[in-house]
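Engineer: Can you look at this prediction? I've put the sequence above it.
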Amino acid sequence: MPHSVVDELLYEARLYAARFGQPHSVVPDKHLAIVTCMDSRIDVFGLFGLAIGDAHIIRNAGGIVTDDVLRSLVLSQRVLRTREVILVHHTDCGLQQIHEAEFREKLRADVGEPPPYEFGAFDDVDAAVKRAIQRVREHKFLPSRDLVHGFVYEVKTGVLREPH
């Protein structure tokens, strides 16, 4: 019988449950939410020295501040008492390698209709971070909009930097 990745992960989940300690509060210890890309090269916990229970981690393709990310941040702040937001984009992002209109047209040709959403493709990662910061700071449903920080993670060096 073939051995799958899911089988391996379920085995690891059983080991994890066996050593599971005390449950953490639903309120993050550092009162922090981090929005970043789903890219598998970004170890958010390692990058910031975080432990389980320290922060909310919100991930999607590109770390784009979508309506759903804003929804999650509103709940994070208003219900679960976070106060600071960190936005992390990164170099060599897949969204930098597509052209929005061309990709949408390819999908339309393949499926018969375009997707009902944008992908958020961008050329300039620094400008994308600045736009993300601005979008969060302007969202009137967020009570804590002054402590919003944006960074670029350099995937080749592991360096985190502020956008230029």
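Structural biologist: Yes, it's here. Numbers count the residues shown, from 1 in each chain.

Engineer: Out of the helices and strands in this protein, which is least certain?
Structural biologist: In the chain, no helix or strand scores lower on mean pLDDT, DSSP states H and E than helix 5-18, which sits at a mean of 95.

Engineer: how far does stretch 42-60 sit from the chain's center?
Structural biologist: Distance, stretch centre to chain centre, for stretch 42-60: 10 Å (CA atoms, centre = their mean, to the nearest Å).

Engineer: per-residue confidence averaged over that stretch?
Structural biologist: On average, the pLDDT along stretch 42-60 is 98.

Engineer: what about it, how long is it end to end?
Structural biologist: Distance across stretch 42-60, first residue to last, is 12 Å (CA to CA, to the nearest Å).

Engineer: thinking again about what came up before, check which element follows the least confident helix or strand of the chain along the chain.
Structural biologist: Remark: after helix 5-18, the chain's next helix or strand is strand 32-37, criterion DSSP states H and E.

Engineer: can you dump the C-alpha coordinates of that following strand into CSV?
Structural biologist: Extracted C-alpha coordinates of strand 32-37, given in CSV (Å, rounded to 0.1, in the frame of the first residue of the first chain):
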residue,chain,number,x,y,z
LEU,A,32,-0.1,40.4,18.1
ALA,A,33,-1.4,39.4,14.7
ILE,A,34,0.9,38.6,11.8
VAL,A,35,-0.2,38.5,8.2
THR,A,36,2.2,36.8,5.8
CYS,A,37,2.4,34.7,2.7
